[in-house]
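Asker: only the shape, not the letters, is given here:
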């Protein structure tokens with residue numbers, strides 16, 4: 001039985017597109033350097049295209065797909081070299097052995113993972129790379145405000161996190177990857193935000209949306 005698509009972010013797409021932290025540029029430079037060729041990157045779970053745009057600086061062509069039409073509608077569609085599509089992770093519509101890299105930013109835990117791995121293996125060229133990453137729990141400078149944020153995360157909206165969230169909290173260590181491993185560099189995501197930006201980011205969480213709906 002196939003895992004059905006659950007759009008946890010469609011209702012929060014406008015909050016998502018303007019609030020998520022940026023991935024380190026060094027990540028994309030390292031990924032490009034690990035690829036034999038830089039023709040096509042398939043960015044799956046592209047959301048608003050944040051990683052897709054960064055990939056376009058290193059690859060000739062980027063296909064950015066997401067199963068959420070609302071997320072794709074918020075994407076930066078004017079980005080040079082990026083083609084946005086609404087498509088399931090497990091059904092890319094891409095031909096066999098066409099991609100130099102398949103990337104999944106902050107989304108792998110939502111997929112039917114075994115079927116997605118099979119699809120990635122199908123579309124990747126020999127020696128191609130699958131790169132999946134996530135960022136963990138929010139930490140805020142300042143003990144008092146960080147304690148308040150952690151209490152909100154754990155207690156107020158804790159029961160509303162989908163079960164797949166556990167994969168993010170353990171850094172994807174519990175997912176069995178059927179591919180040879182690379183040794184990535186140590187990278188840090190940091191941002192200096194005013195309070196309204198922080199609150200918009202928290203509003204974009206799937207558990208916050210479920211909490212508000214309930």
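Answerer: Structure received. Keep in mind that this is a model prediction, so the values were computed, not measured.

Asker: now do stretch 47-66: distance to the chain's middle.
Answerer: Per Cα atoms, centre = their mean, to the nearest Å, the displacement of stretch 47-66 from the mean C-alpha position of its chain is 11 Å.

Asker: actually stretch 131-143, not the one I wrote
Answerer: 13 Å.

Asker: again with stretch 89-100
Answerer: For stretch 89-100 - counting by Cα atoms, centre = their mean - the centre lies 18 Å from the chain centre.

Asker: next secondary structure after the longest strand along the chain?
Answerer: If you go by DSSP state E, the chain has its longest strand at strand 124-133. Per DSSP states H and E, the first helix or strand lying C-terminal to strand 124-133 is helix 143-151.

Asker: need the next SSE after that next one, C-terminal direction.
Answerer: Counting by DSSP H and E, what follows helix 143-151 is helix 165-169.

Asker: what average pLDDT does that next one get?
Answerer: For helix 165-169, mean pLDDT is 91.

Asker: and that helix, how far out from the chain's middle?
Answerer: 13 Å.

Asker: ok, residues contacting that helix?
Answerer: Under the contact criterion Cβ atoms under 8 Å, 6 or more residues apart in numbering, helix 165-169 has outside partners 106, 108, 109, 134, 135, 136, 137, 174, 175, 206, 207. For glycine as for every other residue, the C-beta is placed from the backbone atoms N, C-alpha and C.

Asker: can you give me how far stretch 91-107 is from the chain middle?
Answerer: The answer for stretch 91-107 is 13 Å, by Cα atoms, centre = their mean.

Asker: which residues of this structure fall in strands?
Answerer: With DSSP E as the criterion, the chain has strands spanning 40-44, 61-66, 82-86, 99-105, 124-133.

Asker: now do the buried residues in the fourth one.
Answerer: Going back to what we said before, that points to strand 99-105. Under the neighbour-count criterion of 16 or more other Cβ atoms under 10 Å, strand 99-105 has 99, 100, 101, 102, 103, 104, 105 buried.
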